[in-house]
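> next comes the sequence, and after it the predicted model I'd like to discuss.
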Amino acid sequence: MTSAVRTQGLRKEFPLGWFRGRVLALESLEMEVKRGEVFGLLGPNGSGKSTAMKLILGLLRPTAGNAEVCGYRAGTISARRQIGFLPENPYFPTFLSGAELVRYYGKLSGMGGARLEARVVELLELVRLGGEAGKRSLRTYSKGMLQRAGLAGALVGDPEILMLDEPTAGVDPAGSREIRDLILELKARGKTVIFSSHLLEQVEDVADRVIILHRGQKLREGRLEELLTKKSEWEVKVHGLKEDGRKELRAWLENRGAQVMREGAPRDRLEDYFLRSLPEEKRR
Ligand SMILES: Nc1ncnc2c1ncn2[C@@H]1O[C@H](COP(=O)(O)OP(=O)(O)O)[C@@H](O)[C@H]1O
Ligand SMILES: [Mg+2]
């Protein structure tokens, strides 16, 4: 069976205007998401998460490389049909109610009549906006409720894959727990979910696998528990530290769970250096 999403050498540069060069937003991303998986894109702001999603959706054209969705080239109608998308900071017409929003998305994807009405009710219940809540205007919704309404809209055409860009950003803890539970429920229903976050704790108990992006580059990939427990070695180079400063740095590193394995001047350089190993979760 083909993967849900596969990218090869996916790269995006944005021109900054005359003589101002280009921003490298994403560098040669290799990524494969299997069907039925919950996949997390993790990384700080500006690391390329939204760019990667827009390339997979075909909303942006890659500078190089390619992306496939269920075997179809990204951007084609067949590929687009497989994905329901919840963008980062979506714009919703706030004069609509939750139900009207989902109905509107349904009409955009060519649905109508009794089938659409049944789907609206079913989806609002799925995202816990059934009954009275669905009839209220979006203006009265919390950020978490808005995200859930948007998710119901993204689900209207029953896509194989849900792509959610920072679905829990700005949502309070209880609300973001609800969204993560919904992601797990979608997985239980056989959907593939790709979502992004700049916060580790939003991803760790939900995602089967993650990619950690940093400045457009893939730093790590794998099951999160492996990434969190696997120790890694870091080399810390410092110029011209005196004895006191070295002691202070050593204590700082050790306070953060690092084990200083070596300290001293490397063979051919003048800098002092430390080699430390630090559990991933203590590094931020
Ligand atoms: N349309 C654009 N024009 C110029 N630069 C952009 C554009 N979109 C994104 N970038 C830049 O690309 C990099 C990655 O951005 P983005 O994918 O939005 O990161 P993230 O979603 O992880 O916060 C950032 O440096 C950002 O400023
Ligand atoms: Mg983003």
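Cool, got the structure. Ligands and ions are numbered 1, 2, ... in the order given.
> for residue 82, see how far away the residue of the chain found nearest ligand 2 is.
Nearest to ligand 2 in the chain, going by C-beta to the ion, is residue 50, at a distance of 3.2 Å. (Each C-beta comes from the backbone N, C-alpha and C, glycine too.) Distance, residue 50 to residue 82, by C-beta to C-beta, to the nearest Å: 19 Å.
> ok, residue 60 next?
Distance, residue 60 to residue 82, by C-beta to C-beta: 18 Å.
> give the buried residues for the helix or strand encompassing residue 178.
Per DSSP states H and E: residue 178 is located in helix 173-188. Applying a neighbour-count criterion of 16 or more other C-beta atoms under 10 Å, one finds 175-176, 178-180, 182-183, 186-187 buried in helix 173-188.
> that's a strand at residue 237, yeah?
Yes. Assignment of residue 237 by DSSP: H, G, I helix; E, B strand; the rest coil places it within a strand.
> model confidence score at it, please.
We have a pLDDT of 77 for residue 237.
> what about it, how many residues nearby?
Residue 237 sits with 10 neighbouring residues when counted by other C-beta atoms under 10 Å.
> if it is in a bridge, with which residues?
Applying DSSP bridges to residue 237 gives these bridge partners: residue 273.
> from ligand 1, how far out is it?
Between residue 237 and ligand 1 the computed distance is 26 Å (C-beta to the nearest ligand atom, to the nearest Å).
> what's the answer for residue 57, then?
Using C-beta to the nearest ligand atom, residue 57 is found at 13 Å from ligand 1.
> what sits against the residue lying closest to residue 47 once chain neighbours are set aside?
Spatial nearest neighbour of residue 47, excluding adjacent residues (C-beta to C-beta, 6 or more residues apart in numbering): residue 213 at 4.1 Å. In this structure, residue 213 makes contact with 41-43, 47-49, 52, 219, judged by C-beta atoms under 8 Å, 6 or more residues apart in numbering.
> and for residue 52?
By C-beta under 8 Å, 6+ apart, the residues touching residue 52 are 7, 10, 26, 29, 31, 41, 213.
> could those be laid out in JSON lines, adding pLDDT and distance to ligand 2?
Formatted as JSON lines, the entries for the contacts of residue 52 read as follows, by pLDDT from 0 to 100; distance: C-beta to the ion, whole Å:
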{"residue": "7", "pLDDT": "98", "distance to ligand 2": "17"}
{"residue": "10", "pLDDT": "98", "distance to ligand 2": "16"}
{"residue": "26", "pLDDT": "97", "distance to ligand 2": "12"}
{"residue": "29", "pLDDT": "97", "distance to ligand 2": "15"}
{"residue": "31", "pLDDT": "97", "distance to ligand 2": "16"}
{"residue": "41", "pLDDT": "96", "distance to ligand 2": "9"}
{"residue": "213", "pLDDT": "92", "distance to ligand 2": "10"}
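> among those, name the buried ones.
By 16+ other C-beta under 10 Å, those give 7, 10, 26, 29, 31, 41, 213 as buried.
> which residues does the second one bridge with?
Beta-bridge pairing of residue 10, defined through DSSP bridges, involves residue 29.
> ok, back up a step: and for the residue of the chain closest to ligand 2, the neighbour number?
A total of 20 residues lie near residue 50 under the criterion other C-beta under 10 Å.
> repeat for the one 10 residues further on
Counted by other C-beta under 10 Å, the residues lying close to residue 60 total 19.
> secondary structure element for the nearest residue to it once chain neighbours are set aside?
Nearest non-adjacent residue to residue 60, counting by C-beta to C-beta, 6+ apart: residue 54, 4.3 Å away. Take DSSP H and E as the rule and residue 54 turns out to sit in helix 49-57.
> and the next helix or strand past that helix?
Scanning forward in sequence from helix 49-57 by DSSP H and E, the next helix or strand is strand 64-69.
> contacts for that next one, please.
2-11, 28-29, 55-56, 58, 73-74, 79-80, 82-83, 161.
> buried ones among the residues you listed?
Neighbour counting with 16+ other C-beta under 10 Å marks 3-7, 10-11, 29, 55-56, 58, 74, 79-80, 82-83, 161 as buried within the contacts of strand 64-69.
> what about the stretch 151-284 of the chain, any weak spots by pLDDT?
Applying pLDDT under 70 to the stretch 151-284 of the chain picks out residues 229-233, 257, 265-284.
> brilliant, that's me finished.
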